[in-house]
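Undergrad: what shape does this take:
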Amino acid sequence: MNEPVSPFQPLPQDQPDCIVECRACTQRWTVYRQQLGLPLRCPACGSADRPVYVGTMGVGSGSQVAFSSFQTLLDDRRVLRMIETWLSLRHLGGERFVNSVGQDVPLAAIHHAIQGRAEWQGALYNVYMDRVR
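TA: Numbers count the residues shown, from 1 in each chain. Below is the predicted model:
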């Protein structure tokens, strides 16, 4: 389909909480409710299409890890293994990850994908809590 990607500017109080899945590669990521039904670019494969709505994140579930905290966990081999296994990405060092065809995957997209699945979110949260305790 590859429709043009619609521009979207969230309001400051808006939070992405809707989980969508790419029709081309099945990558899941989190978007704003206002973006549902719009053509969006997949953070993994770059396809511009209307992703499938999968569900809503459990905001306030108590096991979310903030993006800045997520960044600090990238020196933990357990977290790198999680990202590589769950999202089929390869770590190139620092904050750089690529997909199976060598395209860069933004760290924010990785964070959103993890926060969009309860079991992944919980596992990441446990690693984070191990570190701060």
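
Undergrad: contact partners of the longest helix seen in the chain?
TA: Looking across the chain with DSSP state H, the single longest helix is helix 118-132. Surrounding helix 118-132, the residues in contact under the criterion CB atoms under 8 Å, 6 or more residues apart in numbering are 58, 61, 63-65, 69-70, 72-73, 76, 78-79, 82, 86, 113-115. Any C-beta I mention is one placed from the backbone N, CA and C, and that applies to glycine too.

Undergrad: what subset of those residues is buried?
TA: Neighbour-count burial (16 or more other CB atoms under 10 Å) applied to these gives S63, Q64, V65, F70, L73, V79, M82, W86, A113, I114, Q115.

Undergrad: next one: phi and psi at the fifth one?
TA: L73 has phi and psi values of phi -80, psi 0 when expressed as degrees, to the nearest 10.

Undergrad: please report the distance of the spatially closest residue to it that is not a sequence neighbour from Y125.
TA: Using CB to CB, 6 or more residues apart in numbering and skipping the chain neighbours, the partner closest in space to L73 is V79 (4.5 Å). From V79 across to Y125, the span is 11 Å (CB to CB, to the nearest Å).

Undergrad: ok, now A66?
TA: 11 Å.
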